[in-house]
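> how would this look folded up:
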Amino acid sequence: MSEKVKPYKDSQLNKKEQVAQMFDNISKEYDGLNRVISFGIDVKWRKKVVDIVAQSKAKRILDIATGTGDLAINLAETEAEEIIGLDISDGMLEVGRKKIAAKHLSDKIKMTLGDSENLPFDDDSFDAITVAFGVRNFENLEKGLSEILRVLKPHGTFVILETSVPTKSPFKQGYKLYSKYILPTIGKVFSKDRSAYSYLSESASVFPYGQALNNILRQIGFSNVEDLPQTLGVATIYKATKL
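Okay, the predicted model is just below:
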């Protein structure tokens, strides 16, 4: 289980409420800062997720923690007939709706306010489910993953894209310096919510990755679990299925 790092340590809100508030606060600047912080490599990672989902020929896809809809929009390139983007932050969803409308994808992609740990969908509803940079924000990781398993159809595909920590020198040391000092500094300079990017850095550093997250997925009930480290291990794609 991951440590429950919270965006606002002095807040009376629980982690779920704090995460929603944090992303509401940074929603308008989120896309631009994402490109800066990742040097634009996150675009390449999302395309790999799309390739994996495309291979499954999924017709109905759920993108959890969809944020401003970057991955949901990319998933429109697959054979999907319906894509639902779900997020706890209405501010992020509103930005996403505008992007989707501008690309004339509103008939295919629907943005829904919702809680990943209490998904408003029937059992066995989706052919594929994705989460990009969102599982570490779950208040209860196991509960969120169990909900995903519940609404995923048998033989359906589940794909996670999440930050991870490089294990080899000197990349490991360089990543720690970047995440501890540079990322929060960028956030302080360009964001009105200075706590947000410190939280994103801290939460990434304590979240289980690699074999640790593989084991959690297997314990929940997922099968054919596989991790694919990206860009020297600074991010990892996880693939799993439901039997």
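> Quick check on the residue nearest to Pro120 when sequence neighbours are not counted: phi, psi?
Leaving aside its chain neighbours, Pro120 sits nearest to Gly114 (5.4 Å; criterion: Cβ to Cβ, 6 or more residues apart in numbering). Just so you know, the C-beta spots here come from the backbone N, C-alpha and C atoms, and that holds for glycine as well. Main-chain torsions, Gly114, degrees, to the nearest 10: phi -170, psi 170.
> With Ile64 instead?
Dihedral angles phi and psi of Ile64 (degrees, to the nearest 10) take the values phi -90, psi 150.
> shaky segments in the chain?
1-3, 194 (pLDDT under 70).
> at 90 instead, please
Applying pLDDT under 90 to the chain flags the ranges 1-12, 29-40, 165-206.
> The residue nearest to Pro120: what's it in contact with?
The contact partners of Gly114, taken as Cβ atoms under 8 Å, 6 or more residues apart in numbering, are 86-88, 120.
> Roughly how far does it sit from Thr66?
Distance, Gly114 to Thr66, using Cβ to Cβ, to the nearest Å: 10 Å.
> Touching both of those two, which residues are there?
Common neighbours of Gly114 and Thr66, counting by Cβ under 8 Å, 6+ apart, are 86-87.
> Which positions in the longest strand along the chain come out as buried?
For the chain, the strand with the greatest residue count under DSSP state E is strand 152-163. By 16 or more other Cβ atoms under 10 Å, the buried positions in strand 152-163 come out as 152-153, 156-163.
> name the helices or strands packed onto the helix or strand just after it?
Next along the chain after strand 152-163, taking DSSP states H and E as the criterion, comes helix 171-177. Under the contact definition 3 or more Cβ pairs under 8 Å, 6 or more residues apart in numbering; DSSP states H and E, helix 171-177 sits against no other helix or strand.
> Name the next helix or strand downstream of helix 171-177, please.
Heading C-terminal from helix 171-177 (DSSP H and E), you reach helix 183-190.
> top helix in the chain by residue count?
helix 15-38 (DSSP state H).
> next one: it to chain centre, how far?
Distance, stretch centre to chain centre, for helix 15-38: 12 Å (Cα atoms, centre = their mean, to the nearest Å).
> Only the C-alpha atoms, please, for it, written as PDB.
In PDB, the C-alpha atoms belonging to helix 15-38 read as follows (Å, rounded to 0.1, in the frame of the first residue of the first chain):
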ATOM      1  CA  LYS A  15      -6.800  13.100   0.600                       C
ATOM      2  CA  LYS A  16      -9.600  12.600  -1.900                       C
ATOM      3  CA  GLU A  17     -11.000  16.100  -1.300                       C
ATOM      4  CA  GLN A  18      -7.600  17.700  -1.200                       C
ATOM      5  CA  VAL A  19      -6.600  16.100  -4.600                       C
ATOM      6  CA  ALA A  20      -9.800  17.400  -6.200                       C
ATOM      7  CA  GLN A  21      -9.200  20.900  -4.800                       C
ATOM      8  CA  MET A  22      -5.500  20.800  -5.900                       C
ATOM      9  CA  PHE A  23      -6.400  19.800  -9.500                       C
ATOM     10  CA  ASP A  24      -9.200  22.400  -9.600                       C
ATOM     11  CA  ASN A  25      -6.600  25.000  -8.700                       C
ATOM     12  CA  ILE A  26      -4.100  24.100 -11.300                       C
ATOM     13  CA  SER A  27      -6.500  22.900 -14.100                       C
ATOM     14  CA  LYS A  28      -5.900  25.900 -16.500                       C
ATOM     15  CA  GLU A  29      -2.100  25.600 -16.300                       C
ATOM     16  CA  TYR A  30      -1.800  21.800 -16.000                       C
ATOM     17  CA  ASP A  31      -1.300  20.900 -19.700                       C
ATOM     18  CA  GLY A  32       1.400  23.500 -20.300                       C
ATOM     19  CA  LEU A  33       3.300  22.700 -17.100                       C
ATOM     20  CA  ASN A  34       3.100  19.000 -17.900                       C
ATOM     21  CA  ARG A  35       4.900  19.400 -21.100                       C
ATOM     22  CA  VAL A  36       7.600  21.500 -19.400                       C
ATOM     23  CA  ILE A  37       8.100  19.200 -16.500                       C
ATOM     24  CA  SER A  38       8.300  16.000 -18.600                       C
END
